[in-house]
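Trainee: Fold the stuff below for me.
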Amino acid sequence: MENIYLTIVLAPLVAAVVAGFLGRQIGRAGAHWVTILGVAVAFVLSLVVAKDVFIDGAEVFNQAVYIWAVTGNLSMEIGFLIDPLSALMMVVVTFVSLMVHVYTIGYMRDDPGYQRFFSYISLFTFAMLMLVMSNNFLQLFFGWEAVGLVSYLLIGFWYRKPTAIFANMKAFIVNRVGDFGFLLGIGALLYYAGSLDYFTVFAQAEEIQATTVNIWGDAQWSALTLACILLFIGAMGKSAQVPLHVWLPDSMEGPTPISALIHAATMVTAGIFMVARMSPLFEYSTAALSFVLVIGATTAFFMGLLGLVQNDIKRVVAYSTLSQLGYMTVALGVSAYAAGMFHLMTHAFFKALLFLAAGSVIIGMHHVQDMRQMGGLRRYMPVTYATVVIGTLALVGFPGFSGYFSKDALIEAVHAANIPGSTYAYWCVLIGVFITALYSFRLLFMVFHGEERFDRHTREHLHESPRVVTVPLILLAIPSVAIGWLTIQPLLFGGAFAESIFVLPANDTLAVVGEKFTSPAGFVVHGFATPALYLAFAGALTAWFLYIKRPDIPAALQERFHRTYSVLEHKYYFDAFNEQVLARGSRFFGGALWRGGDQGIIDGVLVNGSARAVGWLSGLVRRVQTGYLYHYAFTMVIGLCLILAWLLTRG
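Mentor: Sure thing, here's the model as predicted:
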């Protein structure tokens, strides 16, 4: 099996290298075929691994491939940990990536950077696979930084576009803030455990928890709590949690296929996966779990509100991603790691579907993205419309769709939790159901229903996207409907993650939810007894009334509540604060250090000052060296007289 694991990782890497360095030689068709083949091989072999792990019950594989470096007693290795958690992620990553690769043929067909784009997305897949298959913190950090680097390249793919360059720099800088905490967390675990191997560190979790560290004042922190919070700060950057969320909406400046890949299966899911993988550490720190819970709940609720005022079709879906990532984080905070991973999986399918469907609409509208210039598209794009309906129903949690199973189980787990912050989190995710339905159906109605708001030229050329675009939509729509029925029992209540995820009995909220579970059909019926379902219906009905029945009301509400609308439109002024306070403050502080430190002390005193002092002293010495013998004789006589006078005074 080790050869299979290596092939899964290396196939996308080799394809990326070939498409990147030999793109001109193999041409556009060669670039997309070699990368699609590489990712397809990885996907098929991932299915083999998943069968081996989930069906055949294979033992956990945890071995080093090779030793990268040795320093003292520390061995830095590259290795694989293949268990149910990594197997699930491998299938999700490779399947969504494969769909994105195929879709890209149609979306990027006229782009001059065609070969380069295929090389990047294949490299992105390799980086994410290295991350999810790692068995140690060194390799985890490599994959962590690699997905960040490739996302920088992809968000700024259209590098002649100023907004794209601004967006990729913003993503890169914000993630560096999170990664600084992540690296400190890894360093803390290395210091206390003396190893970078997962299992070695996990075995010492209780011992590290009992160790205290003084940070400031007289307060004593648990070393494990500190390490877990630092690790989660890294997840806040990668998985776009408040306040390190500001980069994700701007990532829409990249081509739509990469938006789907980032939001559905790669970069933003890395933080969720990492916390689930670190469950043996987080379980021994209630403070860290509460921190995770509150941050996730805040993100789920407040980022969902921003989706209500967006008019760019891709940005609505982007803020939906932010909110749903908050839901996953909330599940992690109440120790329902399996529910968080379950929602990650279902979300990957229907969110990739929604992004790619948005791209299909953009193709049909000749790259118009403003929903106010759309309307009535269901007549012209029936396949895209049908897939958007499926993705929307899955996103809002309509009974029987994949999102219903994962979101309802997650909310029930939060309701059963009792750690600090759980009540706040429950109300955030519950009200968030109404908000999700409202902005999701707002998009559906504004784009595909109502009056046509585009010009005659667009109408004459408007048609369904080619099959290379619609086939991936159909293939993603299938798991968006069916995957919940097939996987809820084994993943949540069947112990599929027993070897991957550790939960203390006192924290096992999913066990409480599982007491009422009988079957997937019974779970659907149970949903009618919970408020979440009726809140989703209320959100959809409200959207219909506001955007179909009475489309004049939203403008009136905007006028009536213009201050609230302004706050939402300016995204709670996070960007303004970052730009006006943090960025300007950093530039002012850096300028002060440059003027006072570099120019004033280093250049002014140490470098230029010492040079001027040497010059001044040299000038004095130069005056003494006249070259006349009588000057030197006179100086010697004067010196001799002074010495004699000094000796006489001492005597």
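Trainee: Give me the three-state assignment for the spatially closest residue to residue 65 that is not a sequence neighbour.
Mentor: Sequence neighbours aside, residue 78 is the residue nearest to residue 65 in space, at 5.0 Å (criterion: C-beta to C-beta, 6 or more residues apart in numbering). C-betas here are computed from N, CA, C, even on glycine. At residue 78 the chain is in strand, as set by DSSP: H, G, I helix; E, B strand; the rest coil.
Trainee: Next one: residue 78, what pLDDT does it get?
Mentor: We have a pLDDT of 91 for residue 78.
Trainee: close enough to count as contact, it and residue 63?
Mentor: No. With contact defined as C-beta atoms under 8 Å, residue 78 does not reach residue 63; the gap is 10.5 Å.
Trainee: So between these two, which is more surrounded?
Mentor: Taking other C-beta atoms under 10 Å, residue 78 and residue 63 do not tie; residue 78 has more neighbours (17 against 13).
Trainee: For the more buried one, which residues count as its bridge partners?
Mentor: Under DSSP bridges, the beta-bridge partners of residue 78 are residue 66.
Trainee: From residue 59, how far out is it?
Mentor: Using C-beta to C-beta, to the nearest Å, we find residue 78 at a distance of 21 Å from residue 59.
Trainee: Need the contact partners of the helix or strand that contains residue 8.
Mentor: Take DSSP states H and E as the rule and residue 8 turns out to sit in helix 2-21. For helix 2-21, the external contacting residues (C-beta atoms under 8 Å, 6 or more residues apart in numbering) are 26, 30-31, 34-35, 37-39, 41-42, 45-46, 48-49, 61, 63, 65, 80, 82, 90, 94, 97, 115-116, 118-120, 122-123, 125-126, 129-130, 133.
Trainee: Could you rerun that using 7 Å?
Mentor: Residues from elsewhere that reach helix 2-21 (C-beta atoms under 7 Å, 6 or more residues apart in numbering): 31, 34-35, 37-39, 41-42, 45-46, 48-49, 80, 82, 90, 115-116, 118-119, 122-123, 125-126, 129-130, 133.
Trainee: before we move on, what about stretch 497-511?
Mentor: By C-beta under 7 Å, 6+ apart, stretch 497-511 touches 60, 83-85, 276, 279-280, 283, 334-339, 413, 416-417, 491-492.
Trainee: hey, which helix or strand in this structure has the poorest pLDDT?
Mentor: Among the helical and strand segments of the chain, the one scoring lowest on mean pLDDT, DSSP states H and E is helix 584-592, with a mean of 74.
Trainee: hmm, who's touching the following helix or strand past it?
Mentor: Next along the chain after helix 584-592, taking DSSP H and E as the criterion, comes helix 608-624. Where contact means C-beta under 7 Å, 6+ apart, no residue beyond helix 608-624 reaches it.
Trainee: mean confidence score for helix 608-624?
Mentor: 77.
Trainee: same thing with stretch 522-534?
Mentor: Per-residue scores along stretch 522-534 average to 90.
Trainee: most centrally placed residue in this structure?
Mentor: The centroid of the chain falls nearest to residue 268 when counting by C-alpha atoms, centre = their mean (2.4 Å).
Trainee: Number of residues surrounding residue 611?
Mentor: Residue 611 has 10 nearby residues by other C-beta under 10 Å.
Trainee: same question but for residue 222, I mixed them up
Mentor: 19.
Trainee: Run through the residues that contact it.
Mentor: 209, 212, 285 are the contacts of residue 222 under C-beta under 7 Å, 6+ apart.
Trainee: Now with 8 Å, please.
Mentor: Here residue 222 is in contact with 208, 209, 210, 211, 212, 213, 285, 287 (C-beta under 8 Å, 6+ apart).
Trainee: Quick one: distance of stretch 396-404 to the chain centre.
Mentor: For stretch 396-404, the separation from the chain centroid amounts to 24 Å (computed by C-alpha atoms, centre = their mean, to the nearest Å).
Trainee: Now tell me what touches it from outside.
Mentor: 343, 346-347, 349-350, 390, 393-395, 407-408, 433, 436-437, 440-441, 479-485, 524, 527-528, 532-533, 536, 539-540.
Trainee: Apply 6 Å and report the result again.
Mentor: 346, 350, 393-395, 407, 436-437, 440, 480-481, 483-484, 524, 527, 536 (C-beta atoms under 6 Å, 6 or more residues apart in numbering).
Trainee: what does stretch 228-241 give?
Mentor: Contacts for stretch 228-241 (C-beta under 6 Å, 6+ apart): 175, 178-179, 181-182, 184-185, 244, 248, 268, 270-272, 274-275, 281-282, 285, 288, 291-292, 295, 299, 322, 325.
Trainee: I'm done for today, thanks for sticking with me.
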